[in-house]
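Trainee: Here you go, sequence then predicted model.
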Amino acid sequence: MRLPDVDELLADVRVIALPMRTRFRGLDVRETMMIRATTGRVESWGEFAAFTEYDDAESAPWLACAIEQAWEQQPSIEERPLFRDEVPTNATLPAVDAAAVPAILERFGEFRTVKVKVAEPGQTLADDIARVRAARAFVGDSGRVRIDANGSWNVDEAEHAIRALEEFDLEYVEQPCTTIDELYEIRGRVHGMGILIAADESVRKAADPVAVARAGAADILVVKVAPLGGVRRALDIIDEAGLPVVVSSALESPVGLAAGFDLARRIEHLDYDCGLATERLFTGDETVSAERATWWRERAARCLTLL
């Protein structure tokens, strides 16, 4: 991939804040940087959206994705063909009270699949059960319900929770535990229940994103294009892993989501609805202070040296 120099990278950038409709992933506001580049006569945008708590090493792949996007270095059609024009998406349900579930899901329009956040700090399994029950009631028997614990359970807690939630006909459980060894163990415990295990953090935050597949610790990979460094690298990881995938967002704006849609269109077998409708979680966008804009510019410059 051709990298711009720092002046070229920062020649036309905008840092924005995206207020959340409902607190999500511990955030009330999501900050992100938009990068515009000109290739020939065509102007394109990329998004550098690494979470603010990430260090430069973890953030650098997000910048690589933004550069791939802005300078249009995605695979050509000859390299990686497109298999579809439309990509089915799921609704994403934050860890809200059960009574709030219908109002939040209605914002997503028509969908058949909902991903429900569970294991929120400060909440109980009873809260999770009530939320998942409300989500199942909303989508009906023909809908699909998946849950995401973000690695918050140990193996025994995960098994207990999954058995308590089994009655809601779960499509899969995303990242119930943190480590690959734990995922391997819980996968063995719940397979007799017909429950599939999906890996997210064990892919996007891992030094070796394919290790979880190689270890037989997951049935499905959740693939997020930005933290993996772009469409090209994500496709290579999918090829090597050889598992079914769910293409999902990393809470980007519509600019960053476009890279996820590009990836999803290039995957031949896409059996699961994609988590690419998360723009519905935002209320709009706002400008940030000059101080915050400087912080992002300096961060991008540092990350560029790591690519």
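Mentor: Noted; the coordinates are in hand. Numbers count the residues shown, from 1 in each chain.
Trainee: So which residues of the stretch 201-307 of the chain form helices?
Mentor: Along the stretch 201-307 of the chain, counting by DSSP state H, counting those that start in this stretch, helices occupy 201-204, 211-214, 225-228, 231-241, 254-265, 290-304.
Trainee: Of these, which stretch is the most buried?
Mentor: helix 225-228 (a mean of 28; mean count of other CB atoms under 10 Å). C-beta coordinates here come from the backbone N, C-alpha and C atoms, glycine included.
Trainee: Averaged pLDDT, it. What do you get?
Mentor: Here helix 225-228 scores 97 as its mean pLDDT.
Trainee: How far does that helix sit from its chain's centre?
Mentor: Mean C-alpha position of helix 225-228 versus that of the full chain (CA atoms, centre = their mean, to the nearest Å) differs by 9 Å.
Trainee: swap in stretch 37-48?
Mentor: 23 Å.
Trainee: quick one: terminal-to-terminal distance for it?
Mentor: In stretch 37-48, first residue to last residue: 13 Å (CA to CA, to the nearest Å).
Trainee: Out of the helices of the stretch 201-307 of the chain, flag the one nearest Gly284.
Mentor: Gly284 lies closest to helix 254-265 among the helices of the stretch 201-307 of the chain, at 11.7 Å (CB to CB).
Trainee: picking up where we left off before, Serialize the helices of the stretch 201-307 of the chain to TSV and add fields for distance to Gly188.
Mentor: Shown next, in TSV, are the helices of the stretch 201-307 of the chain (distance: least, CB to CB, whole Å):
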stretch	distance to Gly188
helix 201-204	16
helix 211-214	14
helix 225-228	27
helix 231-241	19
helix 254-265	30
helix 290-304	39
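Trainee: Out of those, flag the one nearest Arg112.
Mentor: Short answer: helix 254-265, nearest of the helices of the stretch 201-307 of the chain by CB to CB, at 16.0 Å.
Trainee: Outline the domain layout of the protein.
Mentor: For the chain, the structural domains run 6-76+284-304, 91-281, going by automatic domain parsing.
Trainee: how far does the longest one stretch from start to finish?
Mentor: According to CA to CA, domain 91-281 extends 10 Å from its N-terminal end residue to its C-terminal end residue.
Trainee: Then the first one?
Mentor: Terminal residues of domain 6-76+284-304 lie 7 Å apart, using CA to CA.
Trainee: Tell me where the stretch 51-200 of the chain is predicted with low confidence.
Mentor: Nowhere does the stretch 51-200 of the chain drop to pLDDT under 70.
Trainee: Run through the helices of it in chain order.
Mentor: Under DSSP H, counting those that start in this stretch, the stretch 51-200 of the chain gives helices at 56-70, 101-106, 125-139, 155-165, 180-190.
Trainee: how about these in a markdown table, adding distance to Thr113 and mean neighbour count?
Mentor: Listed next are these as a markdown table, based on distance: least, CB to CB, whole Å; neighbours: other CB atoms under 10 Å:
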| stretch | distance to Thr113 | mean neighbour count |
| --- | --- | --- |
| helix 56-70 | 25 | 23 |
| helix 101-106 | 11 | 16 |
| helix 125-139 | 8 | 19 |
| helix 155-165 | 16 | 18 |
| helix 180-190 | 20 | 19 |
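Trainee: Ser248 is nearest to which of those helices?
Mentor: Nearest to Ser248 among the helices of the stretch 51-200 of the chain is helix 56-70 (14.0 Å), distances taken as CB to CB.
Trainee: if we can go back for a sec, out of the domains of the chain, flag the one nearest Arg84.
Mentor: Per CB to CB, nearest to Arg84 of the domains of the chain: domain 91-281, 5.5 Å.
Trainee: Can you give me the distance of the spatially closest residue to Ala158 that is not a sequence neighbour to Asn154?
Mentor: In this structure, Ala158 finds its nearest non-sequential neighbour in Pro176, 3.9 Å apart by CB to CB, 6 or more residues apart in numbering. Separation of Pro176 from Asn154 (CB to CB, to the nearest Å): 9 Å.
Trainee: ok, these two, which is more surrounded?
Mentor: Using other CB atoms under 10 Å, the more surrounded residue of Pro176 and Asn154 is Pro176, with 31 against 16.
Trainee: Would you convert the helices of the stretch 51-200 of the chain into TSV that also reports distance to Ser248?
Mentor: Shown next, in TSV, are those (distance: least, CB to CB, whole Å):
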stretch	distance to Ser248
helix 56-70	14
helix 101-106	17
helix 125-139	17
helix 155-165	20
helix 180-190	17
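Trainee: Spit out the contact partners of the closest residue to Asp12 other than its chain neighbours.
Mentor: Setting aside the residues directly before and after it, Asp12 is nearest to Arg36 in space (CB to CB, 6+ apart), at 4.2 Å. Taking CB atoms under 8 Å, 6 or more residues apart in numbering, we find Arg36 in contact with 12-14, 43-45, 70.
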